[in-house]
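Colleague: how would this look folded up:
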Amino acid sequence: MYRVRQGFLNYLMLPVAVWISLAFISSAYAVEPPNEFYFTVRVEGEFSQVVADLKKAIRVNNFFVGEMTNVDTGLKKRGELKKVGVAHYKIIGYCNLSLAGQALRINPNIGVFMPCRLAVYQKTGSKEVIVAAMRPTYMARVFKDPGVKKMAEEVEKVLLRILDAVQF
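Modeller: Next comes the predicted model:
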């Protein structure tokens with residue numbers, strides 16, 4: 001666990017250090033080594049099939065697929081898609097209302113982190129599809145509540161099962 005002890009410079013160094021370390025991680029890993037903030041899975045495959053597999057895994061794990069944001073469509077309309085360097089970019093929102101209800105009873109402000117989201121994208125010219133998700137246990141730190149922490153650990157286990165389902 002990282003701790004920032006003093007000063008704004010130290011606060012900036014953590015994200016920079018994480019970013020630099022991620023830049024050197026080999027794409028040979030199916031799941032990149034976990035970091036404090038989010039999980040990343042890289043798979044070879046058809047983008048639409050990976051999205052379909054994710055949706056199926058979400059449902060199999062007792063969550064429902066909510067809104068899917070077609071970021072790529074919006075970027076394309078604005079002429080930004082090529083500038084961003086992605087061929088596809090979707091954000092899948094998903095939720096389990098039983099868990100959501102439990103979390104909201106613990107702290108109603110937890111709704112700012114709902115629903116759970118997966119960023120699914122493919123860089124231009126790549127056959128690799130990248131799936132990224134914020135770690136629930138990282139977000140739970142905001143609340144400093146043992147009940148939120150326990151729930152986040154439970155949701156993180158489900159998230160890992162969902163991510164595992166898209167690895168070929």
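
Colleague: hmm, who's touching stretch 111-118?
Modeller: Outside of stretch 111-118, the residues within contact range by CB atoms under 8 Å, 6 or more residues apart in numbering are 54, 63, 66-67, 91-95, 100, 103-104, 131-134, 136, 139, 155, 159, 162. (C-beta placed from N, C-alpha, C; glycine too.)

Colleague: did I read that right, residue 39 in a strand?
Modeller: Yes: counting by DSSP: H, G, I helix; E, B strand; the rest coil, residue 39 falls inside a strand.

Colleague: which residue packs closest to it, ignoring adjacent ones?
Modeller: Leaving aside its chain neighbours, residue 39 sits nearest to residue 133 (5.2 Å; criterion: CB to CB, 6 or more residues apart in numbering).

Colleague: report the buried residues of the helix or strand hosting that neighbour.
Modeller: Counting by DSSP states H and E, the element that carries residue 133 is strand 128-134. Across strand 128-134, burial judged by 16 or more other CB atoms under 10 Å covers 129-134.

Colleague: before we move on, the earlier item: so which of the contacts of stretch 111-118 belong to helices?
Modeller: Among the contacts of stretch 111-118, the ones falling in helices (DSSP state H) are 54, 100, 103-104, 136, 139, 155, 159, 162.

Colleague: now the two most distant members of those residues.
Modeller: 54 and 104 (25.0 Å; CB to CB).

Colleague: between these two, who's got more neighbours?
Modeller: residue 54 (23 against 13; other CB atoms under 10 Å).

Colleague: hmm, the more buried one is touching residue 131, no?
Modeller: Yes: in this structure residue 54 lies within contact range of residue 131 using CB atoms under 8 Å: 6.8 Å.

Colleague: name the residues contacting each of the two.
Modeller: Common neighbours of residue 54 and residue 131, using CB under 8 Å, 6+ apart, are 118, 120, 166.

Colleague: show me what contacts residue 94?
Modeller: Neighbouring residues of residue 94 by CB under 8 Å, 6+ apart: 58, 63-66, 115-118.

Colleague: what sits against the most centrally placed residue in the chain?
Modeller: Residue closest to the average C-alpha location in the chain (CA atoms, centre = their mean): residue 133, at 0.9 Å. Residue 133 sits next to 38-39, 116-119, 159, 163 when contact means CB under 8 Å, 6+ apart.
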